[in-house]
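Trainee: turn this into a model:
(chains A and B)
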Amino acid sequence: MKRARALITLTIVAVLLAALAPAGAQEQITLVVWDNWTRDAEQAMIDQLTAEFEAANPGVTVQREPYDTSDLTALLPLALSEASGPDVAMINQGYTGMGALVQAGLLLPLDDYAAQYGWLDRYAEGLHSRNRFTPDGATFGEGNLYGVSNTAEVVGAYYWREDFAELGLSIPTTFEEFEAVVKALKDAGKTPIVFGSLDGWPAIHTWGAIQHAYSTLEEIDAFMYRREGGTFDTEANLLAAQKMVEWIQAGYFSPGFEGMDYDNQTFAAFLNHQGSMWITGSWMTGSIIAELGEEPIGFFVIPSALPDAPPLSIGGVGLAYGIRAGTEHPDLAAAYIDLVTGPRAAELLFEQGFLPAAEVDPDLLVEGTLTADVVNAWNLISSQNAVGHYLDWTMPDIAANIQELMAGQVTPEQFIQDVEADYQAGG
Amino acid sequence: MRLPAWNTRLNNPPYLRPYHAYLFILPGLVIYVLFVLWPIINTARYSLYDWTGFSEPTFIGFDNYRELWRDKDFWLALQHNAFFVIFFSILPIMLGLFLTALMTRGRLRGMAIFRSGLFIPQVMSSVVVGIIWRWLFAYDGPINEFLSLIGLESWVRPWLGDFTYARYAVGTVGLWVQYGLCMVLFIAGAQSINEDLYDAARVAGANAWQEFRHVTLPGLSQQILVAFVLTFIAALRVFDLVFVLTRSGGPGKETIVTSLLIYQYAFQRNRAGYGSAMALVLSIIIITVSALVMRLQARREEERTV
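Mentor: As a prediction, the model looks like this:
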């Protein structure tokens, strides 16, 4: 008897379960996302957003796969060409990144979604153009929108506030004043600028900062987007190359900078106060705050050498969220992008020490902190249309040329000619 | 004892041997074909295409090779590989021989510890090697500190970032990594040299050098050739050491090597076809030189047996 009853109970349960199942589980969708958020603080931010997205979209599971930048660059093209590839992915800008993917027809144009969600109002059009390509992938900076970014970057000078206070220096507003600051620091027996060029790319930022100070946005844009008249052979570039050599001879950079790497030696030299300033990107803000807190270090953008010009600085938007052309869930992918690039994301990014591409609520800024300095610097250049470019987007070899210039292997004139020859040959 | 029938036919040409024999090599063969032969064949095929690595490939015949012929960076990289043969191959063999002579001459206390200690660089991960040597070569690092300590301040320089010395610095690390392999090969070889030869040499009044020159060295000729082939291949295909020491082959292009260029073209600049052409040329150079050395070895053996 007992056994029979157990059997009946089991049968009832089984029937009930079978009846319930289709109602309980609507269609299950898994959205695969490849992103660039690998550090702890970043993961906390993006997991929070992802959880909010899943809560708002029942039946949807987001499968995040984080990769560092070089892995992402190497693996993404193949993954995007597979039917099982990621629905949403973060994409590096430039010809070899987004351009090649567009050319291969792997990315979905986002213009309709941008109109639907109002993405174009999130930040300036000059910044959206960095995520634009013509459909053949050949022309950068115009055409369809293929990505939306949620972070911004600006290259400027981090500085030890106590050094400026000690020597009575103020934040320079012209390039002449900036040079006077550098010289005053040197005369006081300090190393004015912490710098290490072993890894190559930091040289692009340091020389590029000087180059941007002498250039107009039109010159830089024409060069980057390979527009009509785009050339490296400009008066501004020659002046910047000569200035770099002059500064090296004057001993304005860390001694032995040619042999210093970025992540360990240069970063440590700045943290250990072996120099007063460090010209690098806003991406270091979180790491500096983690080591030294908000107060001892400040940040400013390097002013222009041209009369009455805004402080044109290397910068832009971070990796952009795009959608794989072959995805089965484009609408859902767009909804995810809307959330992770929207105001809620900006709030969380700011809390984690990142510079959001979208505007930060001014009430959140505390004067005298590094975070406030960086946000203000970004607002200064983005509001005045003074956001420049990373030269290696169009000239992948340029770090080697700059190293040659710095070591006196070539004259400034020869440096200009070498890069121009490479540029005319197609990069 | 009666041998199984198939065993008696092992002298047949390969295609006449019974299929059982091939079953034994099948597992290894499958892996080899899948992960070595097939990729090589594909590399050869890709090298005839203009291909980003993920777009629609366009057949262009030998255009990639024509471009390669005119590519200054490629020739420069090959020159650097040739330069590294000195540091990855010739110097490690000489150092290995020297250490072998030291270690086989007398019985040293704690020899095993010495030997394993000297072998450690060879088995270390190249990333670890890179971090250690970046620190050693740093401007305020131990090497420069030592130089100033002994009064050679004028020699202090940012080694890895110096246009003249970066190559030598990377080469030195190569020497440090490679000599262990040579040493172990030579010590093993020296142990199989007939002791009588040493006794005879000593009776004849040979000094350490003569003993080494006329007994140890001829006895090690096989091992020296093997060591040369292995380290020569390492010098031509070096990638990791340069990547961890100077990142992109800097300063300028002073330490750029062929494998680094292949990586840059295939994975960073989306020119998989061109990178494949470069890889194939490098492979052909390696195979040719290795084959020549092996040939030399075979001929020597013949001479000896005749």
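Trainee: from B:A21, how far out is B:Y15?
Mentor: Applying C-beta to C-beta, to the nearest Å, the value for B:Y15 to B:A21 is 11 Å. (Each C-beta comes from the backbone N, C-alpha and C, glycine too.)
Trainee: same check on A:Q48?
Mentor: Between A:Q48 and B:A21 the distance is 62 Å, computed by C-beta to C-beta.
Trainee: kindly report the residues of the stretch 1-150 of chain B close to chain A.
Mentor: Applying C-beta under 8 Å from any C-beta of the partner chain, we find that the stretch 1-150 of chain B lies next to chain A at B:52-56, B:134, B:137-140, B:144.
Trainee: filter these down to the buried ones, ChimeraX style.
Mentor: ChimeraX command restricting the residues of the stretch 1-150 of chain B next to chain A to the buried ones, with burial defined by 16 or more other C-beta atoms under 10 Å in any protein chain shown:
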select /B:52,53,54,55,134,137,138,139,140,144
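Trainee: domains of chain A?
Mentor: Following automatic domain parsing, chain A resolves into domains at A:29-146+A:319-356, A:154-312+A:369-424.
Trainee: straight-line length of the shortest one, end to end?
Mentor: Okay, so that is domain A:29-146+A:319-356. By C-alpha to C-alpha, to the nearest Å, the extent of domain A:29-146+A:319-356 from end to end equals 29 Å.
Trainee: just give me how far that domain sits from the chain centre.
Mentor: Its chain's C-alpha centre and that of domain A:29-146+A:319-356 lie 13 Å apart, by C-alpha atoms, centre = their mean, to the nearest Å.
Trainee: need the longest strand for chain A.
Mentor: The single longest strand within chain A, with elements called by DSSP state E, is strand A:152-160.
Trainee: among B:Y15 and B:A21, which residue is more densely surrounded?
Mentor: More crowded of B:Y15 and B:A21, by other C-beta atoms under 10 Å in any protein chain shown: B:A21, with 13 against 5.
Trainee: could you measure from that one over to chain A?
Mentor: B:A21 sits 39 Å away from chain A, going by C-beta to the nearest C-beta, to the nearest Å.
Trainee: list the helices and strands the host helix or strand of that residue packs on?
Mentor: Assigned by DSSP states H and E, B:A21 belongs to helix B:19-32. With contacts defined as 3 or more C-beta pairs under 8 Å, 6 or more residues apart in numbering or on different chains; DSSP states H and E, helix B:19-32 has no helix or strand neighbours.
Trainee: show residues contacting the helix or strand just after it.
Mentor: Per DSSP H and E, helix B:19-32 leads on to helix B:38-46 as the next helix or strand towards the C-terminus. Contacts to helix B:38-46, defined as C-beta atoms under 8 Å, 6 or more residues apart in numbering or on different chains, come from residues B:57, B:272-273, B:276, B:279-280, B:283.
Trainee: and helix B:38-46, how far out from the chain's middle?
Mentor: Distance, stretch centre to chain centre, for helix B:38-46: 23 Å (C-alpha atoms, centre = their mean).
Trainee: mind listing what's buried along it?
Mentor: Within helix B:38-46, the residues that qualify as buried are B:43, B:46, counting by 16+ other C-beta under 10 Å.
Trainee: ok, stretch B:46-66 next?
Mentor: Neighbour-count burial for stretch B:46-66, counted by 16+ other C-beta under 10 Å, picks out B:46-55, B:57, B:60, B:63-65.
Trainee: and what of stretch A:371-383?
Mentor: Buried, per 16+ other C-beta under 10 Å, within stretch A:371-383: A:371-382.
Trainee: so what's the gap between that stretch and the chain middle?
Mentor: Centroid separation for stretch A:371-383 versus its chain: 14 Å, with C-alpha atoms, centre = their mean.
Trainee: what sits up against it?
Mentor: Here stretch A:371-383 has contacts from A:123-124, A:127, A:152, A:154, A:156, A:282, A:285, A:289, A:294, A:298-301, A:310-313, A:315, A:350, A:353, A:355, A:359-360, A:365-366, A:386-387, using C-beta under 8 Å, 6+ apart.
Trainee: give me the helix or strand of chain A that scores worst on average pLDDT.
Mentor: Lowest by mean pLDDT, DSSP states H and E among the helices and strands of chain A is helix A:2-24, with a mean of 53.
Trainee: nice, that's everything, thank you.
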